[in-house]
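Engineer: Next one to model:
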Amino acid sequence: MQIICTYLFGFLTLVILVIIIPQTDWAMLAAMPSGDWLGNFLPALAFVAAGTGIGWTSYAADYSCHQDPKNSRSRVAWAVTLGGAIPLILMLSVGILLSTQVPDLAQSANPIEVIKGALPTNLAIIYYITAIGGLTPQCFLGLKSSKLVLKAAHLIWDDKLILLFQTIIVTVIPAIILFIAQDFQGTLEGFLGIIGKLLAAWSSIFLVDYLMLRWKQGYSEKLLTDPVDNQINYNGVISWIVGFVIGMLFSKTFIFTGPFATGIFAGNSLNVLLTLVVSGGLYFILTLCHPQNKAE
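Structural biologist: Numbers count the residues shown, from 1 in each chain. Next comes the predicted model:
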């Protein structure tokens with residue numbers, strides 16, 4: 001189903017892009033001033049990372065278990081990297097081109113609705129089908145992976161409870177956004193800001209752990225399955241909590257405003273990159289000083 005949806009909605013997306021691109025005001029595009037690297041580009045990069053690559057890190061194990069064992073690590077890594085980067089760069093580029101026709105696109109509370117306005121009326125239905133169809137399959141994959149994550153973390157073990165928990169989440173949150181918050185973009189940024197920091201801290205710790213301890217030996221099956229050896233990695237837990245807390249102190253979300261959310265950290269996702277660096281750096285230092293859970 002994922003393969004079918006990828007080709008179908010990918011083709012519809014290209015059709016819409018062919019219609020949008022000729023509407024570009026190239027003179028206006030060439031006259032646009034360059035943005036500030038630290039104040040604009042890096043925060044935007046952090047937001048995109050939180051909503052794409054970092055947001056998918058919790059599915060890595062689920063994805064990897066379906067790979068052919070004959071595939072090399074580099075082949076899998078390049079496939080994931082290019083598969084995520086090429087469509088993303090293409091869509092971001094088209095968004096820049098479209099902004100010449102829709103100047104308020106970047107500040108819009110509902111960009112999907114704004115983009116629809118730039119299309120011919122008779123294509124609105126196809127556009128909505130493409131937008132919904134492109135998101136739905138990955139939601140199903142996300143639910144499957146979140147089930148494994150909840151079980152691995154021993155938070156919820158029973159399948160029925162997991163299904164109930166997921167149903168509440170995917171029902172309540174969209175309802176709040178649509179009928180109460182009524183600010184798609186603002187709520188999305190706030191949600192991604194919190195989840196992005198949690199996942200950024202987590203993924204950086206796993207990356208450092210892999211590079212320091214698992215690069216050659218891999219993960220010990222006993223370490224992963226034996227309850228005696230499978231103990232809490234306090235270095236990782238401490239690094240994860242500290243990184244997230246520091247990231248929140250530099251954040252402004254719909255539930256909390258940190259005391260340091262000023263200057264270059266005001267109103268953007270640059271704190272996600274800060275969280276990633278702090279958690280990974282702290283875990284590196286703690287592991288050097290007090291090694292724990294080494295690969296056998």
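Engineer: any low-confidence regions in the stretch 151-296 of the chain?
Structural biologist: Filtered on pLDDT under 70, the stretch 151-296 of the chain yields the residue ranges 178-179, 181-186, 224, 227, 229-230, 254, 292-296.
Engineer: Might one say that G267 is in contact with S251?
Structural biologist: No: checked against C-beta atoms under 8 Å, the pair G267 and S251 is beyond contact range at 9.9 Å. Just so you know, the C-beta spots here come from the backbone N, C-alpha and C atoms, and that holds for glycine as well.
Engineer: Which residues are in contact with each of those two?
Structural biologist: Counting by C-beta atoms under 8 Å, 6 or more residues apart in numbering, the shared contacts of G267 and S251 are A261.
Engineer: need the helices for this structure, in chain order.
Structural biologist: For the chain, applying DSSP state H gives helices covering 2-20, 26-31, 42-51, 60-64, 73-98, 111-117, 124-152, 159-175, 184-209, 221-225, 234-249, 270-289.
Engineer: Quick check: buried residues in stretch 114-124?
Structural biologist: For stretch 114-124, burial by neighbour count (16 or more other C-beta atoms under 10 Å) applies to 114-116.
Engineer: let me redo that: stretch 143-158
Structural biologist: Applying a neighbour-count criterion of 16+ other C-beta under 10 Å, the buried positions in stretch 143-158 are 145-147, 149-150, 156.
Engineer: which residues touch that stretch?
Structural biologist: Contact partners of stretch 143-158, identified using C-beta under 8 Å, 6+ apart, comprise 58-59, 61-63, 159, 162, 165-166, 170.
Engineer: Serialize the residues you listed to TSV and add fields for distance to P259 and neighbour count.
Structural biologist: Compiled in TSV, the contacts of stretch 143-158 are given as follows (distance: C-beta to C-beta, whole Å; neighbours: other C-beta atoms under 10 Å):
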residue	distance to P259	neighbour count
S58	29	19
Y59	34	17
A61	36	12
D62	38	16
Y63	38	13
D159	42	10
I162	37	19
F165	33	16
Q166	35	17
V170	34	13
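Engineer: hang on, the earlier thing: can you lay out the buried residues of stretch 143-158 as a markdown table showing distance to M212?
Structural biologist: Shown next, in a markdown table, are the buried residues of stretch 143-158 (distance: C-beta to C-beta, whole Å):
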| residue | distance to M212 |
| --- | --- |
| S145 | 26 |
| S146 | 28 |
| K147 | 30 |
| V149 | 23 |
| L150 | 27 |
| I156 | 31 |
